[in-house]
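Enquirer: Give me coordinates for this.
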Amino acid sequence: MRRIGIMGGTFNPIHEGHVQIAKSAYSQYGLDEVWFMPNHIPAYKDKTGIASGADRLHMVELAIEHIPYFKPTDFELRRKGITYTWETLALLKEDYPEDSFFFIIGADSLFDFVHWKHPDRIVRMADILVAMRNQSTQEQLEETIQKLEMQYDCSCFHIIQCPMMDCSSSGIRKAIKAQYRESGLEQAYMLSNYLNKNVLEYINVKQLYI
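Expert: Numbers count the residues shown, from 1 in each chain. Below is the predicted model of the structure:
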């Protein structure tokens, strides 16, 4: 039986913060693999300005290609319509009944968890690993986890201790657009701190987010 982490998200684009969270989850919770799973149509995000599924998947592949325990997957991209976490987990449990799943989220998603589709089903199918974000504290996370575990009668929420990076995909997209206006991505030194160099090159070649 494998312990598989699921790193879901839009990955528009994937950045080093995503990779660092997955590395921390892998080491702290004894995972065998972490699957990076770009979603098709995210249920809770603005759909404008999202790169194609093929582009987002390829950027994921570039970002994690040298990490053997990370795996890119088009599991959600192959589905039609809006993708919900509970449906994804149900399908994974059908396909891999012997494996245990650990769904990796950020603190912002934890605070909104009660508004997800069928959260009561999600907690029965996977452990939830929560990464701290700069705007949240350990105390806030622990308090929210306690309330959720009481509400859903479970003990499946766990905190990932990891270095916090002050970056977001939305902030990176804004920086890319500004950088193009000024001098092109070849001089995007700030972006190189947050994006894998091959991902940055791919964005430049494909002219994404301008």
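
Enquirer: would you list every one of the helices in this protein?
Expert: 16-28, 53-64, 85-95, 107-111, 119-125, 138-152, 169-182, 189-192, 197-206 (DSSP state H).

Enquirer: Of those helices, which shows the lowest average pLDDT?
Expert: When the helices of the chain are compared by mean pLDDT, helix 189-192 comes last with a mean of 68.

Enquirer: Is it possible to get CSV of the helices of the chain that adds mean neighbour count?
Expert: Yep, even glycine has a C-beta here, placed from its N, CA and C like the rest. Shown next, in CSV, are those (neighbours: other C-beta atoms under 10 Å):
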stretch, mean neighbour count
helix 16-28, 20
helix 53-64, 20
helix 85-95, 17
helix 107-111, 19
helix 119-125, 18
helix 138-152, 14
helix 169-182, 16
helix 189-192, 14
helix 197-206, 17
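
Enquirer: Now those in TSV, please, with extra columns for distance to W35.
Expert: Shown next, in TSV, are these (distance: least, C-beta to C-beta, whole Å):
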stretch	distance to W35
helix 16-28	9
helix 53-64	10
helix 85-95	9
helix 107-111	17
helix 119-125	15
helix 138-152	24
helix 169-182	19
helix 189-192	26
helix 197-206	18
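
Enquirer: Of all those, which one comes closest to C162?
Expert: helix 16-28 (3.5 Å; C-beta to C-beta).

Enquirer: Report the angle between the closest one and helix 169-182.
Expert: If you take axes from the mean of the first three to the mean of the last three C-alpha atoms, to 10 degrees, helix 16-28 sits at 150 degrees to helix 169-182.

Enquirer: Summarise which helices and strands helix 16-28 is packed against.
Expert: strand 3-9, strand 33-38, helix 53-64, strand 100-106, strand 127-131, strand 157-160 (3 or more C-beta pairs under 8 Å, 6 or more residues apart in numbering; DSSP states H and E).
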